[in-house]
Structure formats: structure tokens, C-alpha cells
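Novice: structure for this input, please:
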Amino acid sequence: MTAADDHPGVPQFPSIPYAEWVDTKNTLHRFAQVVGKVRLAAGVRRNHWWGVPFHLTGRGITTRPMGDALSFTIDFDFVDHRLLVHTLAGETVSFPLAGQSVASFWRRTNQALEALGIHVGVDQPTPFDLPDSARPFAEDTEHATYEPGWATRYWQVLSQVNLVLVRFSAGYSGKVSPVHNFWHTFDIAVTRFSDRVVDQPPEHDPVTREAYSREVISAGFWFGEEAFPEPAFYSYTAPEPDGLADEPLVPASARWVEQRGAHLAVLRYDDARASDDPRRVVLEFLESTYQAGARLAGWDIERLACPGGLTDPVGAH
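Specialist: Next comes the predicted model:
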């Protein structure tokens, strides 16, 4: 794999073709779910699951501090390709990411926690919403591909996209989530809220009920899946207002895609990469999707605007 060898530095949006790293992606997704389940068990519950996702670091992704009696973090280092568990007492246990199956990664993660005196009970040690969701992590020897070059590239793409989403996030003064990396869906996203309560049907699962208990417009990026095998930026409004999929998008290459009975606005990553100014194109895409959803849903767009990331009229002037 030579993903990091085709240029002297890191381009604005590095290439990451789905088919070329799908085996590493599938393994890494399950590694992330292992650590994510620890985060879920040891972290503080926050509205809309904000306490669960990962965040970017200068070398990979982190859970951020968690735990009660003993604060600890778990970090993926995608430069040296190690998993590191740090405690507030300054102790660290780490092991290499390469050469692990999901089963051995599960075992070694638990051994690292135990070596540091950390005891976390994971209720469901199985993948979430993946084809092998009935198979325990401890039994998964199938997913064992970890190519360091692609893992580094994954982190580089996440880092570049993170900066774009942070910039987009700054233009909204209402309730807005952090930009966060969801381990269950393996994407990165930011969500704007109108704070209008949405009564979810009782039969919906608890993940959906909490995530969409308020009206939202969410924007993000994912790396592709079997049904859509290419990386792309996306946005959706939930609940979806009538006529959303008829709204024009910017740029012209963006389109509406039906998924699970709703519509996603989608801009292919490679279409953004091909433009003269990829970040500007992505920001224009995200703004066009927000304007469409907010207008049709009746949001007070002018009141919620935050030009330049400022709400103070004197500072803005």
C-alpha cells in the first residue's frame, strides 16, 4: 500500500478509494466499536449521545477522559499504529494495532485495562448494526487486516474533514453538537438543532429515540459502505420536511439519495477533490443543504445565523 507515497505532503483532501482499503476499514471499524463500547460503559451519559463519540487528536482519535475512581483515556495512534490507555496517575499501557484480529484486539484491550486497575463492564460485547452483530468480539478472527498506510490515511482524511465541519459549525448560534467521530457508524458529523421536540414512536430503538428527540439538520462525512461504496459528504433534515428532495443543491454534482425511507444530500468526496477549492465547495454544499432544510422546516434562519462565528454585534462589526 502506497497511499502516503504519491505526494511530498498531505493534500487538502487525500485520496481514499473505498475498494482499496475496505478490508482495513472493516477491521478498524470493529476496533473502534470495541473501544466505543468501553467509552459507552465508562463515560457520562449526555443528551443525543454526545458523550459517546471520539474526537480527533494530533496523532489519531481519542475517547477523551472517562471513568470515576480512576480517570483514563484510550487513544488510537495512527502514526505509530498503537492503542494507548492512559490514566490520570501517569501510567500507560499500549500495544500495536497491526497484526491484530478483532478477537485479539478485544482481548488485549481488556488486558490493558486490567493491568491499570480499570474495571469496565461492557453489556453487549458484539458489533452494533453491522452484518456480524450476533458474533462476540472475542470470536471474530475473520477481520484481521490492518494496513498502516491506509490507517494513517483514514486519520488524515478525518482531520481535514473535521476542520471543514468546525468551520461550518461556527456559522450557527443555536444549539449545535461538537464535531464528533461516531464509532458505531464510522463517520464524522456535526448537528444543528432547532430545539423543537419530536415525539418519536415508542417502537423506535433507544439510540434513534435519543438521537432524534429534537428537530435536527445534520452534516457529515462517511467513508462508504457496501450499498454506497465511495466516500462522500452528506446532510439530512430530521424529521424530513415535505419537498426537501426537490430543493436544488450546490455544486451541480451533488444530489439527493434515498436511504431508509428518507433523503440524504450527497456530495461525492472525489467530486470535491476535483475542484479548484475543495473546502469552499464542501462549505457551499453544506450551506445549501442547511438552507433548504431550515427554510422548509420553518427555522428562524436569520436569528440563528452566526457570521464569522460571532454573536456580539459590536465584535462582528
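Novice: the strands in the chain, which residues?
Specialist: In the chain, the strands defined using DSSP state E lie at 55-56, 60-62, 72-77, 82-87, 92-96, 180-182, 187-197, 214-222, 232-238, 255-259, 262-268.
Novice: out of those, which comes closest to Trp299?
Specialist: Trp299 lies closest, by Cβ to Cβ, to one member of the strands of the chain: strand 187-197, at 5.2 Å. Just so you know, the C-beta spots here come from the backbone N, C-alpha and C atoms, and that holds for glycine as well.
Novice: and that closest one, what does it pack onto?
Specialist: For strand 187-197, the packing partners by 3 or more Cβ pairs under 8 Å, 6 or more residues apart in numbering; DSSP states H and E come out as helix 148-169, strand 180-182, strand 214-222, helix 278-297.
Novice: mean confidence (pLDDT) on the last one, please.
Specialist: Looking back up the chat, that one is helix 278-297. Mean pLDDT, helix 278-297: 98.
Novice: residues of that helix that come out buried?
Specialist: For helix 278-297, a neighbour-count test (16 or more other Cβ atoms under 10 Å) marks 278-279, 281-286, 288-290, 292-294, 296-297 as buried.
Novice: against Leu56, how distant is the residue lying closest to Asp132 once chain neighbours are set aside?
Specialist: Counting by Cβ to Cβ, 6 or more residues apart in numbering, Asp132 lies nearest to Asp140, which is 6.8 Å off, once chain neighbours are set aside. In this structure, Asp140 and Leu56 are 26 Å apart, going by Cβ to Cβ, to the nearest Å.
Novice: try Ser133
Specialist: 27 Å.
Novice: equivalent analysis for Leu113, please.
Specialist: According to Cβ to Cβ, Leu113 stands 23 Å off from Leu56.
Novice: same thing with Ala170?
Specialist: 16 Å.
Novice: who has more neighbours out of those two?
Specialist: A direct count of neighbours by other Cβ atoms under 10 Å for Ala170 and Leu56 places Leu56 higher, at 19 against 14.
Novice: contacting residues around that one?
Specialist: Going by Cβ atoms under 8 Å, 6 or more residues apart in numbering, Leu56 touches Thr62, Trp155, Leu158, Ser159, Asn162, Asn181.
Novice: and the buried ones among those, selectable in PyMOL?
Specialist: Those of the contacts of Leu56 that count as buried under 16+ other Cβ under 10 Å are selected in PyMOL with:
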select buried, resi 62+155+158+159+162+181
